[in-house]
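Chemist: Pasting a predicted model and its sequence here:
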Amino acid sequence: MRKILIILLVAYSSLANAQFVVNYKKVADTYFENKDYYAASTFYKKALKITSDSTQAILPYGKERKATSDDKVIEDYEGAIYNLAESSRMYKEFSEAEKYYGIAITFTNTRYRKALFWYAESLRANRKFNEAIAAYEKFIQKNNGDVLAKDAQKAILSSKFAIEEMRFPRMEQINKMPNKVNGLGSNYAPYRFNNEIYFTSSRPISIAGKKDIVKTENGQVQVSTKANPFINNIYSAKNSAVEGEISVKMMGINLPKDMEVAATTFSPDGNTVYFTAWRDKEKYAIYSSKKSGNNWSDPQPLGLQVNSKDFNAMQPFVTSDGKFLLFSSDRSGGFGKFDLWYCVIRNDGSLGQPVNLGETINSEDDERAPYYNVVTKKLLFSTDGRIGLGGLDFFESEGDLITWSKPKNMGYPFNSSKDDVYFTPIDAQGNRGYISSDRESSCCLEIFEVKKEYFTLSGVLNDCKTNKPMADATVTLSNYEGDQRIRTNASGMYSFKVDRKRPIKLAFAKDNYFSITKNYPFEELAKADTLIHKDYCISPFKINIPIVLDNVYYEFDRADLTEPSKKVLDALATIMEDNAEMEIELGAHTDDVGKEEYNQELSEKRAQSCVDYLVTKGISASRMTSKGYGEKMPIAPNTLKKGKDNPEGRAKNRRTEFKVTKK
């Protein structure tokens, strides 16, 4: 089997000869040792007498085999089951791997203790996340000191992340490219240039007079023969979504006979192509070829800035301005296994010294297939070193090749529970493009078209008092992923683009105004099509200037709040929640009916009653003070001329106010 991420089906001897094999397990073991996992799984199934309609492995391995002892039979049986599970996992047939690891976890031999971890990994790849979590936890419990226990802890977090992502999928369309692109073998590393898609395929190279393929017993998985091997090469297709109009051809680079190539990228003028190349038992290296007329020169390896016999360099990407070459390498000086690096491309085409993209981007595991948009300054890459849905996930970071924002997972369905790697854009912003993924395959990467979709959350913010638009107010959108902040324009307009319908909070703020917060639950967003438009207003205030709370009443001659009054205070509680740093004074006033001392005491009790109620609504008592003013500060006459009673004036004086003492 070829090296990691250059996914292909490895050739092996014609299955026609299999009927003459006596000891299938011995043959399977040989294939397994040679890392030919597809062939190994085929012969382990024959040894165990597993057919397409059987549900359990059966002994013996063949009629001619005679066990020397029961222990030997059990040892061979368990070894065959475990290696069958391993083989299935290694060629990414996770449904089969889950089945046979499910048997292997019952074995008592400590040789197979890792079966539980790989069983959990297979469950996760098959999107059985809750079952996977239980299996990981059981593995940790049994193997707490094992190095895989750390991986299991991360996998549990990833499984929980995947469950949450799939509850609230992003608004993206994912469509598999037609069969002319996704042919036999693996098809991956799409790169769009001049309205053509260049991609890598390991489809078999036909040789005249020889059958292209042979099939397994159920006819579902196809493998090559030695005469027609699966070879990684570069192909191109006209950029058309209509299958009948797609013309696929091999790129005309004159390659050495024993060289395989993958993952192209072009200089902006199209006259230089860079790609990954390798020979059997050699390291990956990055080569280039120059175009002259309609022909390409023989490929030449890049210099020591990129390549070395001591490490791998692969998956090149040239920025659209032609200034930088990004690539993945396990060279020394990195932070993990494969890291992302870049070199300056000088005006003469030579390369500067390699620079690591840094620990914000690179993890202790693998980072692969960089794509950098010089317009948006966003880096898209794949990694298995962070919390994700499974396998390699796409992450995005914004930066300038030196300083980067924390990478964000691109979420579901952009990512899947399997491997997702290589992105190339169709539009300038990168909202449409192509990716490689084995999400729908039992073995191989395939090419998909992706299209990000959004709905818009917008409206106008006004002054509640004047009803005029509020310019330059801060509007913050908060959701599961963090915060986005914008300022309203001269018309008070705000607008956000949101890529999935999960709960959202909007907060509106401006100096000398009460901030407000509005929540959008999933149920409301789910009903929306592509637009939610809502206008809001915010109210002004001044420090230490009282604001009357209309319709706050108390029981007659008492400090007990009436039920309608509580609803008014509920609104004040909301203001306090939306303005978390704000402190206030609650003040109560009376008219002049009764003795002054009595009115003073009654007002103090009423003010405290308001504070006590707000505490029951979750507002901290430390943010509030109460003060009774009695009859000392009337805002209207209690009596008219000649001592005539003024009921309207006394009603205005019996008031409750609050004022902001700190914002």
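Modeler: Arrived safely. These numbers were taken from a predicted model, which means no experiment stands behind them.

Chemist: how many neighbours does residue 375 have?
Modeler: Residue 375 has 11 neighbouring residues, counting by other C-beta atoms under 10 Å. From N, CA and C alone the C-beta is placed, and that goes for glycine too.

Chemist: no no, residue 264
Modeler: Summarising burial for residue 264: neighbours were counted as other C-beta under 10 Å, giving 26.

Chemist: try residue 464
Modeler: Counted by other C-beta under 10 Å, the residues lying close to residue 464 total 14.

Chemist: quick one: the residue nearest to it when sequence neighbours are not counted from residue 466, how far?
Modeler: The spatially closest residue to residue 464, leaving aside those adjacent along the chain, is residue 537, at 3.9 Å (C-beta to C-beta, 6 or more residues apart in numbering). In this view, residue 537 and residue 466 are 9 Å apart by C-beta to C-beta, to the nearest Å.

Chemist: out of these two, which sits in the busier spot?
Modeler: residue 537 (19 against 10).

Chemist: Give me the phi and psi for that one.
Modeler: The main-chain torsion angles of residue 537 are listed as degrees, to the nearest 10 and equal phi -140, psi 150.

Chemist: Look up which residues are beta-bridged to it.
Modeler: Taking DSSP bridges as the rule, residue 537 bridges to residue 462.

Chemist: quick one: contacts for it?
Modeler: With contact set as C-beta atoms under 8 Å, 6 or more residues apart in numbering, residue 537 has these partners: 461-464, 467, 470.

Chemist: next one: residue 373
Modeler: Here residue 373 is in contact with 320, 379-380, 425, 429-430 (criterion: C-beta under 8 Å, 6+ apart).

Chemist: Buried by neighbour count, from the contacts of residue 537: which ones?
Modeler: Burial by neighbour count, judged by 16 or more other C-beta atoms under 10 Å, picks out 461-463, 470 from those.

Chemist: from those, which is closest to residue 508?
Modeler: residue 461 (5.7 Å; C-beta to C-beta).

Chemist: Contacts only, for the closest one.
Modeler: Under the criterion of C-beta under 8 Å, 6+ apart, the contact partners of residue 461 comprise 469-470, 473, 475, 488, 492, 494, 508, 535-538.

Chemist: Could you give the number of residues near the closest residue to residue 510 other than its chain neighbours?
Modeler: If the residues on either side of it in the chain are set aside, residue 510 comes closest to residue 473, at 4.1 Å by C-beta to C-beta, 6+ apart. Residues near residue 473, counting by other C-beta under 10 Å, number 22.

Chemist: cool, residue 284 as well?
Modeler: 26.

Chemist: From what I see, it and residue 309 are in contact.
Modeler: No: no contact is recorded between residue 284 and residue 309 when judged using C-beta atoms under 8 Å, the distance being 11.2 Å.

Chemist: Residue 422: helix or strand, and which one exactly?
Modeler: For residue 422, the enclosing helix or strand under DSSP states H and E is strand 420-425.

Chemist: average model confidence for that strand?
Modeler: Looking at strand 420-425 alone, the average pLDDT works out to 97.

Chemist: need the next SSE after it, C-terminal direction.
Modeler: Going C-terminal from strand 420-425, and assigning secondary structure by DSSP H and E, you next hit strand 432-437.

Chemist: And residue 354, how close does it get to residue 341?
Modeler: Relative to residue 341, residue 354 is positioned 5 Å away (C-beta to C-beta).

Chemist: wait, residue 251
Modeler: Relative to residue 341, residue 251 is positioned 25 Å away (C-beta to C-beta).

Chemist: buried stuff in stretch 475-484?
Modeler: In stretch 475-484, the ones that count as buried by 16+ other C-beta under 10 Å are 475-478.

Chemist: Stretch 602-613 too?
Modeler: By neighbour count on 16+ other C-beta under 10 Å, the buried set for stretch 602-613 is 602-611, 613.

Chemist: and which of those is nearest to residue 132?
Modeler: When the buried residues of stretch 602-613 are compared against residue 132 (criterion: C-beta to C-beta), the nearest one is residue 613, at 48.7 Å.

Chemist: Can you give me the first-to-last residue distance of stretch 527-540?
Modeler: The first and final residues of stretch 527-540 sit 33 Å from each other (C-alpha to C-alpha, to the nearest Å).

Chemist: Kindly report the same for stretch 499-506.
Modeler: Stretch 499-506 stretches 16 Å from its first residue to its last (C-alpha to C-alpha).

Chemist: How about stretch 342-353?
Modeler: Stretch 342-353 has an end-to-end distance of 8 Å (criterion: C-alpha to C-alpha).

Chemist: And for it, what's in contact with it?
Modeler: By C-beta under 8 Å, 6+ apart, the residues outside stretch 342-353 that reach it are 272, 302-303, 305-306, 318, 322-327, 354-355, 357, 401.

Chemist: most surrounded residue in those residues?
Modeler: With neighbours defined as other C-beta under 10 Å, the most crowded of the contacts of stretch 342-353 is residue 327; it has 30 neighbours.

Chemist: Can you give me the distance of it to residue 342?
Modeler: Distance of residue 327 to residue 342, given as C-beta to C-beta: 7 Å.

Chemist: same deal with residue 374?
Modeler: Taking C-beta to C-beta, one finds residue 374 at 12 Å from residue 342.

Chemist: what about the two, which has more around it?
Modeler: Residue environment comparison for residue 374 versus residue 342 gives the larger neighbour count to residue 342, 22 against 14, counting by other C-beta under 10 Å.

Chemist: Pull up the pairing partners for the helix or strand containing that one, direction included.
Modeler: In this assignment (DSSP H and E), residue 342 forms part of strand 339-344. Sheet pairing of strand 339-344 (DSSP bridges) gives strand 324-329 (antiparallel), strand 355-356 (antiparallel).

Chemist: In a markdown table, list the ones you listed along with mean pLDDT and distance to residue 155.
Modeler: Below are the strands paired with strand 339-344 laid out as a markdown table (pLDDT from 0 to 100; distance: least, C-beta to C-beta, whole Å):
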| stretch | mean pLDDT | distance to residue 155 |
| --- | --- | --- |
| strand 324-329 | 98 | 23 |
| strand 355-356 | 98 | 27 |
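
Chemist: Export the ones you listed to a markdown table and append columns for distance to residue 417.
Modeler: A markdown table is the format used below for the strands paired with strand 339-344 (distance: least, C-beta to C-beta, whole Å):
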| stretch | distance to residue 417 |
| --- | --- |
| strand 324-329 | 22 |
| strand 355-356 | 30 |
